[in-house]
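Peer 1: build me a structure from this.
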Amino acid sequence: MEKYYIEYSVKGKNFTSNKLSTEHFTVEKSECGNRTVLNLHANEPIAIQRFQIILPYSFKNENRIFVNGYQSWTDSREYFIDEKMSELSRFAEFYVKTPIMQKIGVGKSGDYFICKYPRKQGVFYGWSYGYVRTGNKIDLFGSLSERCGFTIVRFDVGNQQVILEKELQGVTFTGETLIADYARITAEYDEAFDTYFDLMGVECTQKEKKCGYTTWYNYYGGVTQDIVIRDLESLSKLDEKVDIFQIDDGYQKAIGDWLETKKEKFPDGMKKIADEIHKKGMLAGLWLAPLAVTKESSVYKNHRDWLVHDKKGKPYVAGPNWGPFYALDIYNKDAAAYIRNFFNVILNEWGYDMVKLDFLYAACCLPIHNKTRGQVMCDAMDFIRDCVGDKMILGCGVPLMPAFGKVDFCRIGADVDLTWVRRKNRIREDVSTPNTVNCTVFRRHLNGRAFLNDPDVFLLRDNNMNMSFKQRELLAKINGYFGSLLFVSDNVEDYSDAQMKVFLNIIKKKDVQILRAEFEKKHVIAVECTVNGEKETFKFNSETGELC
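Peer 2: Numbers count the residues shown, from 1 in each chain. Below you'll find the predicted structure:
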């Protein structure tokens, strides 16, 4: 039988309760099959600091526990029940909370200011959904809607319980409000996730894998028109069709001024680039961070009222990137009109077919306008989908559940590094090949259900790389088997015969079915799959990039 723990305040006075009915409110519970819905009836305005649904659970030694990280880049994987969550060092946790780091936005991409990181054996937490697995059977615990607030899913092996906690801070509730909508599903792995997405009413908008190219992981902000034309020409000569050619960060004059191009780098403008891509038979993609604004932008200089502000009325720093950046308030009518306009120009006047939308977590960096972070993020994704219309979206840096069914493709891991090394004292969202490989494997259940998974790029070139060719080949194979958006950032004209052979094999359309993928022992992942009907097995070390 579930229990409850509620911390709340009324007229500035604090209360706690383990009941669904008090003098201040009543929570009405309804159940139907796998689904439970809780509706709050507030007798007077209340603020809820903590709302927990505590479910008893009998963990077994053979169980594995999956927790889903806060957003696209956050490490996510299965754990043995006797492990500790250890991806975040104590130094990094302390570092992001120092005043100077908060001022420049370090750690704002994660949940460091919302959740306390557990450092106890057998205690794990994630966001929106998670599961306990025994063999191929799972007990899935998942929110069916984050529109009332994000859901934190906690697994406590020692206390034999699973806790669903609603993130409701910053809001005063009045009248009747949906406060929780969740499911518990016990079934075989794929059947459980099929049922989960059926209950949510979410469908994947894209059905076909795509391959392509992005400028970022070779040229970063140094991309130019000449580089784009050269690499486009190289790709167009291949025997295998390349679907998408994407220009990443570096073309724009400033973050936030998306229609102002750096003329010294792209003298003919971005419409000309899209036209050139189309002439080569590929779809044109363009990167932007639609909710981000830096001090250098004309938006910041002229329209500071468009930004999300903190309680002191100051523009809120949403992250350290570009030194640092701020977030547009989607509820500001003028800001919303501005966003809608640049999407219209990019997609309908310049002619781009897909936009990669990055740093989307910025929308919900604070609860605003008496809305929870979860509600803000869901509203933001609804708004963005409406702006983009029927063109394609590649989501990135976004809490995943609000993106379900709203984006065509979505990054499901951190940025790939140019080396296969876990860097110490980093936050959980930082560049990391080991983290993104784990996410690629263990978030595979989202592929084809929520969207098509983007495992980030694989890189086969020799220059500007610190991976062995065997590591690069392994990364390409993992992406090809588990992902559905297969991007490189190489000038393929420089490939050796061996590199070209791997590249063409990876982007060639295949029917891959993952039968099993799990940690056989610490860091070693065993994979069983079929490729075009032929069974294949392999093992690799996700920390070192070595085949076992």
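
Peer 1: show me where this protein has its helices.
Peer 2: 90-96, 99-104, 189-200, 216-219, 225-236, 269-279, 298-302, 333-344, 373-388, 400-403, 433-442, 469-482, 497-507 (DSSP state H).

Peer 1: would you turn these into JSON lines with mean pLDDT, mean neighbour count and distance to residue 323?
Peer 2: Bear in mind the C-beta positions are built from the backbone N, C-alpha and C, glycine included. Formatted as JSON lines, the helices of the chain follow (pLDDT from 0 to 100; neighbours: other CB atoms under 10 Å; distance: least, CB to CB, whole Å):
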{"stretch": "helix 90-96", "mean pLDDT": "96", "mean neighbour count": "15", "distance to residue 323": "17"}
{"stretch": "helix 99-104", "mean pLDDT": "94", "mean neighbour count": "12", "distance to residue 323": "8"}
{"stretch": "helix 189-200", "mean pLDDT": "98", "mean neighbour count": "18", "distance to residue 323": "39"}
{"stretch": "helix 216-219", "mean pLDDT": "97", "mean neighbour count": "21", "distance to residue 323": "18"}
{"stretch": "helix 225-236", "mean pLDDT": "98", "mean neighbour count": "18", "distance to residue 323": "24"}
{"stretch": "helix 269-279", "mean pLDDT": "98", "mean neighbour count": "18", "distance to residue 323": "24"}
{"stretch": "helix 298-302", "mean pLDDT": "98", "mean neighbour count": "15", "distance to residue 323": "12"}
{"stretch": "helix 333-344", "mean pLDDT": "98", "mean neighbour count": "16", "distance to residue 323": "22"}
{"stretch": "helix 373-388", "mean pLDDT": "98", "mean neighbour count": "22", "distance to residue 323": "24"}
{"stretch": "helix 400-403", "mean pLDDT": "98", "mean neighbour count": "28", "distance to residue 323": "27"}
{"stretch": "helix 433-442", "mean pLDDT": "98", "mean neighbour count": "26", "distance to residue 323": "24"}
{"stretch": "helix 469-482", "mean pLDDT": "98", "mean neighbour count": "21", "distance to residue 323": "30"}
{"stretch": "helix 497-507", "mean pLDDT": "97", "mean neighbour count": "16", "distance to residue 323": "36"}
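
Peer 1: which one of those lies closest to residue 57?
Peer 2: Closest to residue 57 of those is helix 189-200 (CB to CB; 15.6 Å).

Peer 1: elements contacting the closest one?
Peer 2: strand 129-134, strand 137-143, strand 172-188 (3 or more CB pairs under 8 Å, 6 or more residues apart in numbering; DSSP states H and E).

Peer 1: returning to what we had before: of the helices of the chain, which is nearest residue 351?
Peer 2: helix 269-279 (4.4 Å).

Peer 1: roughly how far apart are residue 290 and residue 252?
Peer 2: To residue 252, residue 290 is 12 Å away according to CB to CB, to the nearest Å.

Peer 1: identify the contacts common to these two.
Peer 2: Common contact partners of residue 290 and residue 252 (CB atoms under 8 Å, 6 or more residues apart in numbering): residue 258.

Peer 1: these two - which one has more neighbours?
Peer 2: Neighbours were counted for residue 290 and for residue 252 using other CB atoms under 10 Å; residue 290 has more, 26 against 22.

Peer 1: and the pLDDT at the residue lying closest to residue 158 once chain neighbours are set aside?
Peer 2: Excluding the flanking residues, the one nearest residue 158 by CB to CB, 6 or more residues apart in numbering is residue 122, at 5.2 Å. For residue 122, the pLDDT comes out at 98.

Peer 1: any figure for the gap between residue 122 and residue 63?
Peer 2: Distance, residue 122 to residue 63, by CB to CB: 10 Å.

Peer 1: repeat for residue 288
Peer 2: Residue 288 sits at a distance of 42 Å from residue 63 (criterion: CB to CB).

Peer 1: let me see the contact set for residue 548.
Peer 2: Taking CB under 8 Å, 6+ apart, one finds 524, 539, 540, 541 in contact with residue 548.

Peer 1: would you agree the third one is in contact with residue 546?
Peer 2: Spelled out, it's residue 540. Yes: between residue 540 and residue 546 there is a contact under CB atoms under 8 Å: 6.6 Å.

Peer 1: these two: which is more packed in?
Peer 2: The neighbour comparison of residue 540 against residue 546 (other CB under 10 Å) goes to residue 540, with 22 against 16.

Peer 1: number of residues surrounding the nearest residue to the more buried one once chain neighbours are set aside?
Peer 2: Spatial nearest neighbour of residue 540, excluding adjacent residues (CB to CB, 6+ apart): residue 547 at 5.2 Å. Residue 547 is flanked by 13 other residues according to other CB under 10 Å.
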